[in-house]
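# Got a predicted structure here, sequence first:
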Protein chains: 2
Amino acid sequence: MTAQAAEALAAEALAAETLAAETPAAEALAGAWLAALAGRIATRDAAGAAALFGNESFWRDLLPFTWSIATFEGPGAIQAMLEATLPRAEAAGFRLEPGTARTDGAVTEAWFRFETGALRARGHLRLRDGRCWTLMTAALALKGHEERAGRTREAGVAHGAVRGRESWREGREREARALGTTEQPHVLVVGGGQGGIVLGARLRRLGVPALIVDAHPRPGDAWRRRYRTLCLHDPVWAIHLPYLPFPEHWPVFTPKDRMADWLEAYAGLMELDIWGSTRAEAARYDEGRGEWEVTLRREGRPVTLRPKQLVLATGMSGAPQVPAYEGAETFRGVQLHSSAYRGGEGFAGRRCVVIGSNNSAHDIAAELWECGADVTMVQRSSTLVVRAETQLRHFGYKLYSEDALEAGIGTEEADFIAASRPYAILPAMHRALYDRIRQEDAGFYRRLEAAGFMLDFGEDGSGLSMKYLRRGSGYYIDVGASDLVIRGDVKLRSRVEVSRILPEGVALSDGTVLPADLVVYATGFEPMERWIAGLVSEEAARRVGPVWGLGSGTRRDPGPWAGELRNMWKPTRQEGLWLQGGNLQQIRFTSRLLAIQLKARMEGIPTPVYDPAVFGADAVGADAAEALP
Amino acid sequence: MTAQAAEALAAEALAAETLAAETPAAEALAGAWLAALAGRIATRDAAGAAALFGNESFWRDLLPFTWSIATFEGPGAIQAMLEATLPRAEAAGFRLEPGTARTDGAVTEAWFRFETGALRARGHLRLRDGRCWTLMTAALALKGHEERAGRTREAGVAHGAVRGRESWREGREREARALGTTEQPHVLVVGGGQGGIVLGARLRRLGVPALIVDAHPRPGDAWRRRYRTLCLHDPVWAIHLPYLPFPEHWPVFTPKDRMADWLEAYAGLMELDIWGSTRAEAARYDEGRGEWEVTLRREGRPVTLRPKQLVLATGMSGAPQVPAYEGAETFRGVQLHSSAYRGGEGFAGRRCVVIGSNNSAHDIAAELWECGADVTMVQRSSTLVVRAETQLRHFGYKLYSEDALEAGIGTEEADFIAASRPYAILPAMHRALYDRIRQEDAGFYRRLEAAGFMLDFGEDGSGLSMKYLRRGSGYYIDVGASDLVIRGDVKLRSRVEVSRILPEGVALSDGTVLPADLVVYATGFEPMERWIAGLVSEEAARRVGPVWGLGSGTRRDPGPWAGELRNMWKPTRQEGLWLQGGNLQQIRFTSRLLAIQLKARMEGIPTPVYDPAVFGADAVGADAAEALP
């Protein structure tokens, strides 16, 4: 992308967020373009359709054409996709959503609806110089299997007297008893954190028998067991769960126990089937039967299940990663990974060393300081820091805010707007914003560097969100710890490595020793794909390949460019295996797509997958539905 | 009211429900009238203001002028009210809500906003022939004590490192521990059913320390212990709780256990302080200290609390009322009041007699029949029956429906529209509707009478809602039992009384005997005011007088006409005593008014009460705030 294009894009993105008014001219332009696309799709003219796209262009498809989550860049890739998918997609009925067309002069955008043979769908287009710059097509619902809501909601009671009728409670209890014992779940979701719960709610609404298992006793425990003062770093407008939004007095930043209680109540009210205190130990895919054999340990007792589909919702991070420092076994104090840290009680006046400098390291260092400990942070490599208030004021949250609500942009609409932007165009947009942030908070950053802190803003200056998408780490959203570092209340040792652990403390590469009663390894987690290796096999993990990341070619996100988050919420090279994860904003939106894919397979609806980034040169994945008997 | 006026009213009410479009002429007319009212209020010209009202007119005030819930009928009563209240109300800032003025030619209506010295308020006017026919003025919020929501919501976290900070969980636990032990609640709510819970949520949002006590162990238990197949008779659109509406897939008629679970989750998520397994045994008002002394028994142990305000939210009905039938002590089978009935299990093939013919009697008869019992219903007096589907299609629920939502009328707006109609005009409106219902369901009613069922539609033909408002009983919303009666599956004995109970069954006044293994007394409940007698004193109950009912002069609702539900949600003649109750639609709306009254008293804001129907000729109740030190 040219620098000018990037500039234009950033401007456009901001314009979109500031909600320019619609115009009749924009509606005419968008309508004409959409009619042209519809015409060429109707005649299966892939080349003609691709010719409607500019040289720099993106088609982001979220199921309707590809039965995958894939972005195609440029007319060539778009033509190839259409040639492969048009014969079966039966896309038709394209029409603009009234009143959605807008223009800023250079870019014209609009929302539209259409259908395929199997799906009701929605789309978004951006035109530049008469041709398409970005197109997004997204599944909304499986035709004939729409969620019941509003006018189609259930009656709840059959009026009239019926002998032997079952009450709601009795029905729920019977279902819960049967699932996993006398009846196999169609979907087994491993992990009952927010990802598993949100997906479970979607599946429940679609009538897909799903069982969620989690090692913790109660829903929400993953939050409950974090250290006591933790609050979510994303604001309330971004973290609503589907179907049941937080009430309007909910605080901006949700305390972790309050989130836990919400998740637990939500799971109950949404009638989810969750087995707590249950670990998934092994899973084997039986090609012949087209189902999994999953070995669980439920409250200590072994259980074997045979679901058709297996979803790993075990979180974006794999197992805790602790560097193998020499001498660690000789340490006389307490040492633990950040994930095992519960709080600083009992460490008042004691010497604590936190190794690492990302979110967990900062949060734990601050919490220890609040408890009166003597804290030193060891920074081994540079970190992106952005102040929470700045982030809230600036970025992303323009879509998720009271301003957006006042402008009529609810949570779901905001999700669609966010989804309309292909990943490829995000870095330029974020770079422009981070340039501003660095100016505005220049004094803060200067003080932080003066304290010895090694700062970065992503190697291309594109900031926090891109780091999150590319590697899921490398940043701290400052909710107060940076001031402790600046003031020296939390001591900082940077530009050093840990050379070894001594019985009395931590030896650094500059020859100094930090005496310590506590060492916290805030050193991150194994990548997500390790869950596959652990639960299924090393071979399956290899076959699926890296999970998460875009293939941006930046540090910890090696190429090739994938255009989407790798293997997330879509078919993988391991049949019947799905990855669910991400932050609440992501899972709220993607869980619908994942649930539709699972429901389609349960109903035997053909789901021919076209996704070159996953399935290589021939670009066609297994059609699970056709593989079924 | 003349017959023509009643007709016009019914037409108008329907027109309002069918949402006529606004017009500039209506806006001009309404604006001019409102400006005239505002001008006369500004100069405290009570006579001039009253002259703006028609001879047949109603001013329904929900706090702003009267600090009570009171309706004034005709210019004379309106002038008297204004003379008493204008000197202190400081009402000002009257302005139409843009786009709300509408007319059907005869009646013009509009919404408006205004303020008093203490309150933000909203109003609704209906004009006829240039003068006011109905006016409603309602408090929205106490100025300076508005609920925090949206832009004013709490941060949830104080960014920055703070030593010794308390987590949300710790704060909640500390609060819960302190309330009722080291700290007195400002408000004690006796009864933790839906009325207590909804009020508790409102008080919590206003920062009023409130403790709810309930005899049941868990919130929702009042629903849980009802018989197993019970579903709510009101549809989902009418029963939303404030702040946290049901999700859009919630069934039309909520099963009782599902409602129970919702209430329990709601109480937790809204952070209410509830003591379960706690009975209120006695309450004494200490005039000198201006507080109550309430004796509780909490899980068997006595506790004494000293709240400033005491709210009875023990339900619209008092204790179960069982007629003192001679010989009851000799009965060899099982006999119980309807409220103690848990389900028909174990009664298959056995002879069951249900005495009574209202909702509970029908529900229990049908449930027993579903369980295979041999059931006879004894009808002692006529009953209003309306089919649930008919009711859903016709009445009230035009405001609470998918149609209303599609027209932009959310639950809160529907509540205000309902509140804009003075009780005095409802019978005419309902009569017109019941005339239609009786025509449409003529066949059904004919069959029911052919089975011997004694039908009525209220003694003035005004139907179910008026019976509910006047006496809270005397009807059945048919969800299926009437067909059992028609078919003879549930046997009916009507036009008889119970003459005595025999060891083997029930002897009727016609000399026959119904052999019985089970007798259910679906014979209603003592009136609500009996709670006051039981908890406070007979003298206090006498002083407060009848609770509920309008004073319509119809059966079980003797006059004088009160214009409002007597003693509900407003000051009573017992200082510091409040009555909370009603169905979910009522308590959703009135709980805001009650919470504002309690909060105002807590803050020491003057609340001079003017309510002749409660406080008699001088019409002025105690100003609790001024009585406080």
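Thanks, I have it.

# element containing the closest residue to A:Thr304 other than its chain neighbours, please.
Leaving aside its sequence neighbours, A:Thr304 sits nearest to A:Thr295 (CB to CB, 6 or more residues apart in numbering or on different chains; 5.5 Å). Yep, even glycine has a C-beta here, placed from its N, CA and C like the rest. Using DSSP states H and E, the element containing A:Thr295 is strand A:291-298.

# strand partners of that strand, parallel vs antiparallel please.
Sheet pairing here is set by DSSP bridges, and for strand A:291-298 it gives strand A:278-286 (antiparallel), strand A:301-305 (antiparallel).

# who's in contact with the closest residue in space to A:Arg284 that isn't next to it in sequence?
Of all residues not flanking A:Arg284 in the chain, A:Glu293 sits nearest, at 4.9 Å (CB to CB, 6+ apart). Neighbour list for A:Glu293: A:Ala283, A:Arg284, A:Asp286, A:Thr304, A:Leu305, A:Arg306 [criterion: CB atoms under 8 Å, 6 or more residues apart in numbering or on different chains].

# Residues in a beta bridge with the residue nearest to A:Thr304, which ones?
A:Ala282, A:Thr304.

# Please look at it and A:Ala282 and confirm they touch.
Yes: the criterion here is CB atoms under 8 Å, and A:Thr295 meets it with A:Ala282 at 4.5 Å.

# For A:Leu514, which residues are in contact?
A:Arg351, A:Val353, A:Thr376, A:Val378, A:Arg493, A:Gly505, A:Val506, A:Ala507, A:Leu508.

# And the strands in the stretch 51-200 of chain A, which stretches?
A:53-62, A:69-73, A:92-96, A:102-103, A:107-115, A:119-128, A:131-142, A:187-190 (DSSP state E, counting those that start in this stretch).

# circling back: using CSV, write out every CA atom in the strand holding A:Thr295.
What follows is strand A:291-298, C-alpha atoms only, in CSV (Å, rounded to 0.1, in the frame of the first residue of the first chain):
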residue,chain,number,x,y,z
GLU,A,291,-16.2,-38.1,15.4
TRP,A,292,-13.8,-37.4,18.3
GLU,A,293,-13.0,-39.7,21.2
VAL,A,294,-12.2,-37.3,24.1
THR,A,295,-11.0,-38.5,27.5
LEU,A,296,-12.0,-36.3,30.4
ARG,A,297,-11.5,-36.5,34.1
ARG,A,298,-14.6,-35.2,35.8
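
# what is the mean pLDDT for it?
For strand A:291-298, mean pLDDT is 98.

# and it, which residues are buried?
Under the neighbour-count criterion of 16 or more other CB atoms under 10 Å in any protein chain shown, strand A:291-298 has A:Glu291, A:Trp292, A:Val294, A:Leu296 buried.

# Quick check: buried residues in stretch A:196-209?
In terms of neighbour count (16+ other CB under 10 Å), stretch A:196-209 has its buried residues at A:196-206, A:208-209.

# If we only consider the residues you listed, which is nearest to chain B?
A:Arg205 (6.3 Å; CB to the nearest CB).

# tell me, how many neighbours does the residue nearest to the closest one when sequence neighbours are not counted end up with?
If the residues on either side of it in the chain are set aside, A:Arg205 comes closest to A:Glu147, at 4.5 Å by CB to CB, 6+ apart. If you count neighbours by other CB atoms under 10 Å in any protein chain shown, A:Glu147 ends up with 20.

# Quick check: A:Glu147 touching B:Pro247?
No: between A:Glu147 and B:Pro247 there is no contact under CB under 8 Å: 10.6 Å.

# Mind telling me what element A:Leu550 is part of?
Per DSSP H and E, there is no helix or strand for A:Leu550.

# what about it, distance to chain B?
To chain B, A:Leu550 is 30 Å away according to CB to the nearest CB, to the nearest Å.

# how about that residue, what does it touch?
So A:Leu550 contacts A:Tyr423, A:Leu469, A:Arg470, A:Asp557, A:Trp561, A:Ala562, A:Gly563, A:Glu564, A:Leu565, A:Arg566 (CB under 8 Å, 6+ apart).
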